Structure formats: C-alpha cells, structure tokens
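Visitor: Let's see this in three dimensions:
(2 chains)
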Amino acid sequence: MNKLKFYIPVISFFALALQLWRGLYLDPKELPSMLIDKPMPGFQLSTVAGTEVENDDLPDQIFLLNVWGSYCLPCLIEHPTLMRLSEEGEIPVVGVNYRDRQALALDWLADNGNPFAFSILDEDGRFGIDLGVYGAPETYLVDENGVIRFRHVSVLDERVWEEEFVPAIAELRGQRSSDE
Amino acid sequence: MNNRIYSLSLAVGFKALLAGFILLLSLSGIPGAVAQVDTFEFDSEEQQQRFRKLSNEFRCPMCQNTNLTGSSGGVAEDLRREIHRMIQDGLSDAEIEQFMFERYGDFIFYRPRLRAETVLLWFGPPVFLFVGGFVAFGISRRAKKLSEENTELDGEQQARLKELLDNKV
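Guide: Here you go, the predicted model:
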C-alpha cells in the first residue's frame, strides 16, 4: 500500500512529462478543417469562364478542389503538378478562384495553362469562408458524393501528392470496395 | 543677445524634431495600437460595440497571433465584413460565434468553448493547483506533527547512541 502511494506521484509525473513532451512536436499553426467528412457547402456561383455552376456540376468521382488566385506565388509552384494530374487524367481538378479579379484570373490561366475542369469565381471570398479557407493555396479532396475527406494547406507538389493524397485516395477507394 | 536668439531657435527646432518623431512613431504602426480601418455603418451604438467586441475576440486564421480587428489579412477583412452583415441581419452573438466555429473551429476563439476536447484546457490548471495544494498541505501537516512529537531519546536509546558513538567502527 505504501509502495503504491510512493509510485503514484512518480507515475503521474512521467505521464504528464510524456504528454508535454509530445506537445513540443505539435504544430501550433495547424488549423484542422472543420469540414472533414462533411458535404461541400452549397453554392450557386459563376465560373471564371462565366458560366453558372452549382453543387450538381461537380464531378461525380473523387476530385481535387484547389483554392488559387492570380496573386498567389505558391500557386505557381504547385501549378505543374495540377497540370500533370489533370492532363494525365489521374484526377479531375476543380478550382476556387479566391479573392481575385475575373480578368486577372483569365489572364493567369491563359499565361500558365488551365488544369481546372472549371474554376468557381469567388471574388469577395464569401464561398471561401464557407469552406473555412484562410489563404491560397489550399487543396481539398472531395469524394464522389461531394463529401470533403481531406485538406492540405499550402503547396501541393509531387511529394505532397505522393505522400498525402495518394494514400488518402487509396483509403477512400478501399472503403468503397469493402462496402460492396 | 545673439546667443539668446540662437538658443531659443535651437529649443524650437528641437521641439519640432520631437513632435515629428512622435508623429512618425504613431504612423509606423506599433503593435497593439493598430486597428484596421473599415467603413462599416451601424444602426446603433450598441451594434457598433458588439462588432468591436466580436472582432476583438476572434483570432485571424491567417496571421495567427492577431485578432480580426488588428489583422490586415484578406480573410480577416472578409470575416469582419461577415460579422457586420450578420449584426445587420439581427443575428445574436451566440449565432455569430457558431457561424465562426462551424467554419474555423476552436482555432478562431481566443477564449475556446467548453467542449470535451477543451475540458483539460479549462480545468487542467485549477486541478493541478488543487492537487499540488493538497499535497503541500499534507506535507506541511506531517512535518508539524513530527516536530510537535516528543523527540527526546529515552534511557535505552541514549545508551545505544552512546555505544555507537564510542565504538567508532
């Protein structure tokens, strides 16, 4: 009994120390998305090209929703990866043109190439707020039912694609085949 | 005479310099004193107060150590606009907080909500204080009890002590 009484503080000290030590490796800047496993917010907006789109126009397969802007320099870094994914037909990419101007967005796409099936025009950032966006670039993985499954903040390059998106997509597909 | 005029103009010049320096300092945006200037209009003073309170209490998701009032980030600008809109639409503070929570989570609050995930954050420190205080109290009471107890050696113990001291092994 006395022995137990002696060990209680020792054990609780180590338990607390372990927790705090782990805390040192957490990223305080990480802002987890509130929309994981929730349907994409409803929208009825124009595209950059000028056509009207709503949720029904989204691809009926797993796709990427990429938040971009013509002012956004990191978007240029991830652009080749998005171009490759779209050109090789690996996954459809839908854009959200966030806090930009339509004319500037059109110029940017003409200059750099357009990997997007379409880009939702969100000039005032209102749709971005519904998505919980805090700055371009951000990329969401959305499943065929329009449910958001994963979010990556900042540049999506080939390494991020291989290490984060490929496993996430494989897991989604795995869930589907085990459901059947 | 000339000397007096010279020192007078020197004093005036110094004052002007100081005033210019203070002006420059106030323009250069010292942290804490900055607030983004928006031109929102409100129907009442009360609504304006609520707007100020809310945008002071929400944290900017982009520049993460600033509240919405002080942030020049794009998303902070948008969120201030949304708060203004919601106040104009007659939403309560609780509804506006819920709107923010649904989109940005606990992160948006400088004062996190009481939820299962934040219980430790809210009650951890008082619990630690209580446990620590309890232990400290126990230790001090035991120490007091020991010092109050009869600590003198009886005859047999005295003899043993003497024996130990004499036989320096």
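Visitor: Residues of chain A that sit close to chain B?
Guide: Proximity of chain A to chain B, by C-beta under 8 Å from any C-beta of the partner chain, involves residues A:9, A:28-29, A:31-35, A:99, A:124-126, A:128-135. Where you see a C-beta, it was placed from the backbone N, CA and C, and this is true even at glycine.
Visitor: Whichever of those end up buried, select them in PyMOL.
Guide: Burial among the residues of chain A next to chain B is assessed by 16 or more other C-beta atoms under 10 Å in any protein chain shown; the matching PyMOL selection reads:
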select buried, chain A and resi 31+33+34+35+99+125+128+129+130+131+132+133+134+135
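Visitor: Just give me the longest helix of chain A.
Guide: In terms of residue count, the longest helix belonging to chain A (DSSP state H) is helix A:2-23.
Visitor: pLDDT on it, on average?
Guide: The average pLDDT within helix A:2-23 is 86.
Visitor: Next secondary structure after that helix?
Guide: strand A:38-39 (DSSP states H and E).
Visitor: For the helix or strand encompassing B:L164, what does the pLDDT average out to?
Guide: Using DSSP H and E, B:L164 sits within helix B:155-166. Helix B:155-166 shows a mean pLDDT of 88.
Visitor: contacting residues around the closest residue to A:W161 other than its chain neighbours?
Guide: In space, A:W161 comes closest to A:T81 once its chain neighbours are excluded; the distance is 5.9 Å by C-beta to C-beta, 6 or more residues apart in numbering or on different chains. Contacts here follow C-beta atoms under 8 Å, 6 or more residues apart in numbering or on different chains; on that basis A:T81 touches A:156-158, A:161.
Visitor: ok, and the most crowded of these?
Guide: A:L156 (25 neighbours; other C-beta atoms under 10 Å in any protein chain shown).
Visitor: That residue - that's part of a strand, no?
Guide: No: per DSSP: H, G, I helix; E, B strand; the rest coil, A:L156 lies outside any strand segment and is coil.
Visitor: And the helices in chain B?
Guide: Under DSSP H, chain B gives helices at B:2-27, B:45-57, B:74-88, B:93-104, B:119-148, B:155-166.
Visitor: weakest of these in terms of mean pLDDT?
Guide: helix B:2-27 has the lowest average pLDDT among the helices of chain B, namely a mean of 57.
Visitor: Tell me the secondary structure at A:G42.
Guide: Quick answer, by three-state DSSP: A:G42 is coil.
Visitor: got a list of what the residue nearest to it when sequence neighbours are not counted touches?
Guide: Closest residue in space to A:G42, ignoring its immediate chain neighbours: A:N55 at 5.9 Å, by C-beta to C-beta, 6+ apart. By C-beta under 8 Å, 6+ apart, the residues touching A:N55 are A:40, A:42-43, A:146.
Visitor: tell me the pLDDT at A:N55?
Guide: 95.
Visitor: Next one, pLDDT for B:S71 please.
Guide: For B:S71, the predicted pLDDT is 88.
Visitor: count of neighbours near it?
Guide: With other C-beta under 10 Å as criterion, B:S71 counts 25.
Visitor: thinking again about what came up before, possible to save the contacts of A:T81 as a markdown table with pLDDT?
Guide: Listed next are those as a markdown table, based on pLDDT from 0 to 100:
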| residue | pLDDT |
| --- | --- |
| A:L156 | 96 |
| A:D157 | 95 |
| A:E158 | 96 |
| A:W161 | 97 |
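Visitor: Distance of the spatially most central residue of chain B relative to A:G146?
Guide: The centroid of chain B falls nearest to B:Y110 when counting by C-alpha atoms, centre = their mean (9.3 Å). For B:Y110, the distance to A:G146 equals 33 Å [C-beta to C-beta, to the nearest Å].
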